[in-house]
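Student: following is a predicted model, sequence given first.
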Amino acid sequence: MDIIVKLKQEWKAFSDDLDPKYILSSLRNSNVISSEEYERIKSKGRKPERFKELFSLLTDGSKTSNQLKLFVDALEEKDEEGCLPYPWLAEKLKPAFKLDDDVHRILVRGNVRLPVNHLLPREKEVQKIRDKLIELSDQENPSKWIVLHGPIGSGKSSLAAESLRMNYLIKNYFPDGVYWVNFGGNKMNYADRLEINSYDKKIVNILKLLNDSYKFSPDDDFNYLLRKEILSKKVLFILDEVCDKRIIDIFNIGSPILVTTTLKNILDHVSCYSEFIECSNDAENSDIKLLLSKYVDCKAEELPDVAQEVCSKCGGSLLVASLIGGSMSSVGNDEETWKYWNKKLDENGLAGLEEIEEKDVLNVIINCIEHIDMWKEYYFDLVIFKKGYDVPSEVLKIMWDTSAVFQIAVELYKRSFAVIKESESGSEFFCCSHDLYVDAVSHFLGKEKIKERHKKFVGKVLDHGRSFDGTFDLTKLPKNYISSFIDYHLYEAGEFEELEKLYLDLNFIEQKIRLMGDYRSILVDYQCYKNCFKNKEGAESFKLFLQKKGKYILSEEKCDIIHLALFEPNDSIVYKKAKEYANKNRGIYYEWCNKMESIHKFFDYKILSCSSVKFGAINGDASLVAFVGDFKSEESGSEYASWVKLWDLPTANVIKENSHADVINYCAFSSKGDYLATASADTTVKIFKIQKSFDDSVHVKLLLPFKHASDVICCSFSNDDRYVISSDIIGNTLVWKFDVLGEREHIPMRCFSHPHDLKKEPFRFSSLSNDGKTIGTAVYDTIKLWDFKTRKEKKRFCCNNRIIKKFIFSNDDSHILLVQDYAILLWDIENDNMLTIFSDDSCAISSCCLSTTGKYIACGMESGCIIIITKEGQKILPKHDNEILNVMFSKDETKLFSISPNCCIIHNVNAVETIPLISGNLSVVMDEELTIASSKSSYSVAMFQNFHLDELSVKVFNIIEKNTVELFPKHCGKITYILPSKNNHSLFTCSVDATVNVWQGEQLHVTLSGHKLPIVMCVEFKTCNQLLMCCEDGLLKVCNTDLGNCIYNLEGHCDKNITHCDISCDDEYLAATFTNGNIVVWKAESGNLYKIFFLPPKVRNLTVRCCQFSPLAEMLLAGLDNGNVVLCRLLGDQTCDILNSKHESAVQTIRRINKDDTFEKPLFLSASKCIKLWNSYGHLVQTILFPNSTMADEPPEIWSSDNFDVFVVILNSILYILKRID
């Protein structure tokens, strides 16, 4: 792009001098142009026409960098007479080739701007920056920051960009990438779209460049990922125009970073790791004169005397000089125009000023704009675009209704009004303007004219995106900019009705989320524009829906927003719009027939992914979550950073603070939720004041810390918030009077010492009673109670070498809950009695809490499960995939918070208490009614009847309580599998007792035996009364279900660990899958081995979990442990191929459609924690995601009707019934 820009700059010189006919042969011979292009140019009769044709080919982006170099070579290649055709033209282009191709590629990929139009040589300053960058690249050097500080117009950004344009520097010191991130001088504003989430997006873009294999979750800690990714890479970041210290915090990642800023104190908190370079407005008059001469294309000494006066009035500002030079470039070295500018500088008050201020520059900008003639209107359009973001050329084509946008951009660039950046492909470019210019023009035009230009732009955008049916299709427009900021332009245009229409359109929302790769920013949109919407209730419903489901649009392939919205309550606007779309459009959509209010409440949980978490807590109403963690270099182990994050649930914002110098062990909110305390191994307890701004965004303010002598383990507030209690590792518990306006240095008012000499099990926990009269401390197996006033020990209790992890005072302080490894004890303090209220030897308890009224106890387990204990019994919630660090109830007992090292969840406890949970195996028969069978207990089967198809939306859970028929006799072992019969029998049940019971109605017909180990499953033949059974010992039998005898055993397989079996629809083939990765097929008539399929090398040796024949038995589908599905062809070449899409976890079951349907419709399904529907070509058609799919820890039980019109699913104890929408 450098060479193309240069060519366009030198257009006049080339147009005047170059006749392509003299170099055409050379260009064709070196493949710069094709033979067809050669003939086309040659056919032009006149020189201007030949030049126009060649120039168009060279500048349309179709030629490679190497081809353009060969063009320059052709300009000075000797002809037959030894003459050089155009050496003077070649010299004009050579500076554009000073970078090697790979270095140029690195700079373009990293979004580094092109050189300014006329660069004033400042070799001394450039070399100084390069030397400092080389020093920073040394990993042993503690300094990681270079700060280019200077006033507006001092050329900081130009210096930074020019210092990078050196082959040696990039190749040897930053070969893994140079990344330019522009912040446009904007302060981080929580009411604006330029807030934390937008900066996350900039980091995501860099991460994608660093590692294109990344799969991002919207809840990822991108700062952590970036820090982790650059550990082994030699990269450089340039943060341009920074004016907010929080940006420095975000990018404080241990990599060399170059910052340009107008604020000298921007890096105060990391000043010991910084190198400052001053860039002042102190350019000599001779330098400014040289710069101005370049713009008017003459020698410096040829400038008139009045130009010297203009130089002296520029105040040493290269920006002012460039603005004047850009304005003069169109008229050349004209003395009258120089006089005009000399007069204007006097009028603007610049004459005699030693330092140029921002207002002075703004005046010069306006003067320049008034003289750019035909380009003025184009520039006025350019300034409406979002500050701090580059505008793609494709968007400019829409704005300006022309394909000649590059020519327009170059003209603005020549006048110093625009910055041009090359795209990585080289086929397009990006354009932007300095924020200072944008502010000047916005002030000059006024709000109404700016609004008119926004209206003009959004009108064109909406027209371009309009589909034939009148709907708006965001995918028809250029990506990135429009998808990110169409809302901004609609708002600025005052088109609130259109804005609301789009934000209540499910298809637009899905397109926007997919194109942006992030759902959180659209939540910010609903917050920012809520006052613009007439249907505020509807907008709030959409916002809440996206808070719960937005992330799944990105995380699951072919899982569209309509499917997710159909689970919303029937009276919701979200559901109504989804149902309307599903009824009108072709697609595979299912109605959730048994959804009810309690189910919606159950899934009204909020979840946030995180990493490296140590602890977490919530405020009283569960609207704010605090969690603490750290990062440590995985390579050296030396680099370390701790943090505290606040997740504000109403806005979905996450705020990060780095204030401790070592591991943060604990955090706790005050009872009112307006303060947060954190305890750290840096020996301090720090208090943060929680504040909310006018737009309900959360801010934190750090107060003075409390100081211990050693690592602080835990901290808390008293119930009345008058005191802060904190305990350290050596056993000292300090009580501090919490007074925000108190003395500078906090002094503890009480100290309770619980000394110990334990190294492996140090001090555990401390807590103040609800009435404030007693303090409890716990070390190892002993808890001590102290009188708060006298500081004397009142009581103690020893658990005889059973570690006390935590204890909780009851609401009336008469009892204490003691949490041990495998039990929860209730200590009656007055009577000194101990009662075990919960015990589980199979899994250790890691955390516990008591609800406000004492109605519930919640236990977090090391396995990740959460158990709620009530008087009536226990409820087990879907588990985390890691140890639970803490559980907490909200004050009103409606919500339960749980946190693990990589996830935090807030449940609706009301729903957890009322919703019925179903467990066990599932089987369904659908005739005139739907009969659902599930193993009621370990040894018996319950049948639930009277599910009429036209009543699928009612009674699902009531039926379980009312119409159950228990089948006798019971098995002697746990039931492993249930299969409904489609022939003469009603049901087959497989058991651990190594038998299969065949049921006729409610009576036992025959028991099939002969196995020694538990039966895995069974499959019924279609055309005869026979059954295929497989056992854990690898034995496969075919038995007669009338007589109960074995017909034959299947042989030829090596592995005894069988996982699944199946029979083809025509009863011709039998198949089984094994843990060694083999898929074995037999002929059913004889029982002889037919074929052993081995998995492809990419997935070889993985366990095959399940298999299923296609309806015509021409292929066999199988599911693998890693989530892949393979297709084995029984006929022809008999290959085994991996399908393109995959599940995120092991495929547990595969089902086929039992009707010969059309090819575009689903032919089979695969299921892990979700269902995927596939067509006959093995292409993914639809993903059906269940509300608790992401929380599932057990494989689902799935039944489907023959044509996939009805699904019955049990996932994590929840029963779902889905019916296809016709």
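Tutor: That came in fine, so what should we check first?
Student: neighbours around Tyr1177, how many?
Tutor: Residues contacting Tyr1177 under the criterion other C-beta atoms under 10 Å number 11. Heads up, the C-betas are built off the backbone N, CA and C, glycines and all.
Student: quick check, Ser484 in a helix?
Tutor: Yes. Under DSSP: H, G, I helix; E, B strand; the rest coil, Ser484 sits within a helix.
Student: grab the nearest non-local neighbour of it.
Tutor: Closest residue to Ser484 apart from its sequence neighbours, by C-beta to C-beta, 6 or more residues apart in numbering: Met516 at 5.8 Å.
Student: do I have it right that that neighbour meets Ile486?
Tutor: No. Judged on C-beta atoms under 8 Å, Met516 makes no contact with Ile486 at a distance of 10.9 Å.
Student: give me the more crowded residue out of these two.
Tutor: Neighbour count, other C-beta under 10 Å: between Met516 and Ile486, Ile486 has more, with 23 against 19.
Student: Lys1172: what's it in contact with?
Tutor: By C-beta atoms under 8 Å, 6 or more residues apart in numbering, the residues touching Lys1172 are 558, 1125, 1141, 1143, 1165-1166, 1180, 1182-1184.
Student: among those residues, which one has the most neighbours?
Tutor: Highest neighbour count within the contacts of Lys1172, by other C-beta under 10 Å: Ser1166, with 30 neighbours.
Student: name the element that one belongs to?
Tutor: Assigning secondary structure by DSSP states H and E places Ser1166 in strand 1164-1167.
Student: name the residues that touch that strand?
Tutor: With C-beta under 8 Å, 6+ apart as the test, strand 1164-1167 has contacts from 1108, 1110, 1117, 1119, 1125, 1143, 1147-1153, 1171-1174, 1195-1196, 1198, 1200, 1204.
Student: 6 Å - rerun?
Tutor: Strand 1164-1167 is contacted from outside by 1117, 1119, 1125, 1147-1152, 1171-1174, 1196, 1198, using C-beta atoms under 6 Å, 6 or more residues apart in numbering.
Student: cool, stretch 150-161 as well?
Tutor: Here stretch 150-161 makes contact (C-beta under 6 Å, 6+ apart) with 113, 116, 125, 148, 238, 240, 258, 260, 279-281, 317-319, 358, 361.
Student: isn't Pro755 right up against Gly731?
Tutor: Yes. At 4.6 Å, Pro755 counts as touching Gly731 under the criterion of C-beta atoms under 6 Å.
Student: which of these two has more residues huddled nearby?
Tutor: Taking neighbours as other C-beta under 10 Å, Pro755 and Gly731 compare with Gly731 leading, 21 against 9.
Student: show me where the stretch 601-750 of the chain dips below the pLDDT cut-off.
Tutor: Residue ranges of the stretch 601-750 of the chain with pLDDT under 70: 601-604, 631-641, 693-698, 739-747.
Student: show me where it has strands.
Tutor: Applying DSSP state E, counting those that start in this stretch to the stretch 601-750 of the chain gives strands spanning 606-609, 613-618, 624-632, 640-648, 653-657, 664-669, 675-680, 684-692, 698-702, 706-707, 712-717, 723-728, 732-737, 750-753.
Student: check contacts around Cys859.
Tutor: By C-beta under 6 Å, 6+ apart, the contact list for Cys859 reads 845, 848, 867.
Student: and of those, the nearest to Asp505?
Tutor: Ile867 (42.5 Å; C-beta to C-beta).
Student: for the closest one, which non-adjacent residue is closest in space?
Tutor: Cys859 (4.5 Å).
Student: quick check: Phe251 vs Pro175, distance?
Tutor: Using C-beta to C-beta, to the nearest Å, Phe251 is found at 20 Å from Pro175.
Student: so how far is Asp1222 from Arg586?
Tutor: Per C-beta to C-beta, Arg586 is found 11 Å from Asp1222.
Student: cool, Leu210 as well?
Tutor: 48 Å.
Student: then Leu1043?
Tutor: Using C-beta to C-beta, one gets 44 Å for the distance from Leu1043 to Asp1222.
Student: looking at these two, which is more packed in?
Tutor: Neighbour totals were compared for Leu1043 and Asp1222, and Leu1043 leads with 11 against 7 (other C-beta under 10 Å).
Student: checking my notes, that one in a strand, right?
Tutor: No. With three-state DSSP as the criterion, Leu1043 is assigned coil and is not in a strand.
Student: next, the nearest residue to it once chain neighbours are set aside: phi, psi?
Tutor: Nearest residue to Leu1043 in three dimensions, chain neighbours excluded: Val1006, at 7.6 Å (C-beta to C-beta, 6+ apart). The phi and psi values for Val1006, taken as degrees, to the nearest 10, are phi -160, psi 150.
Student: report the beta-bridge partners for Val1006.
Tutor: Beta-bridge pairing of Val1006 under DSSP bridges involves Val998.
Student: and the nearest residue to Leu382 once chain neighbours are set aside, how far is that from Gly1052?
Tutor: The shortest distance from Leu382 to any non-neighbouring residue, by C-beta to C-beta, 6+ apart, is to Ser433 (5.7 Å). As judged by C-beta to C-beta, Ser433 and Gly1052 stand 74 Å apart.
Student: where in this protein is the helix or strand with the lowest mean pLDDT?
Tutor: Scoring the helices and strands of the chain by mean pLDDT, DSSP states H and E places helix 956-962 at the bottom, with a mean of 29.
Student: point out where the stretch 1051-1200 of the chain drops to low pLDDT.
Tutor: Scanning the stretch 1051-1200 of the chain with the threshold set as pLDDT under 70 gives 1155-1161, 1188-1194.
Student: just the strands in it please.
Tutor: Under DSSP E, counting those that start in this stretch, the stretch 1051-1200 of the chain gives strands at 1058-1063, 1069-1074, 1078-1083, 1089-1094, 1104-1109, 1115-1120, 1125-1129, 1136-1138, 1149-1152, 1164-1167, 1171-1174, 1180-1184, 1197-1200.
Student: how about stretch 708-725: buried residues?
Tutor: By 16 or more other C-beta atoms under 10 Å, the buried positions in stretch 708-725 come out as 708, 711-718, 723-725.
Student: do stretch 285-299 as well
Tutor: Neighbour-count burial for stretch 285-299 flags 287-296 (criterion: 16+ other C-beta under 10 Å).
Student: compare Phe251 and Pro175 (neighbour count), which wins?
Tutor: Phe251 (23 against 14).
Student: report all helices and strands that the host helix or strand of Ile876 contacts.
Tutor: Using DSSP H and E, Ile876 maps to strand 874-877. Identification of packing neighbours for strand 874-877 by 3 or more C-beta pairs under 6 Å, 6 or more residues apart in numbering; DSSP states H and E yields strand 866-869.
Student: try 8 Å this time
Tutor: strand 866-869, helix 909-914 (3 or more C-beta pairs under 8 Å, 6 or more residues apart in numbering; DSSP states H and E).
Student: and it, what's its mean pLDDT?
Tutor: For strand 874-877, the mean per-residue pLDDT is 72.
Student: before we move on, the earlier item: show me which of the contacts of strand 1164-1167 is closest to Asn1076.
Tutor: Among the contacts of strand 1164-1167, and counting by C-beta to C-beta, the member closest to Asn1076 is Gly1119, at 15.5 Å.
Student: next, count neighbours for that closest one.
Tutor: Gly1119 - counted by other C-beta under 10 Å - has 28 other residues nearby.
Student: give me the nearest residue to it, chain neighbours excluded.
Tutor: Val1147 (2.6 Å).
Student: touching, the one you found and Asn1124? I think so.
Tutor: Yes. Under the criterion of C-beta under 8 Å, Val1147 makes contact with Asn1124 at 7.4 Å.
Student: quick check: neighbours shared by those two?
Tutor: With C-beta under 8 Å, 6+ apart as the test, Val1147 and Asn1124 reach no residue in common.
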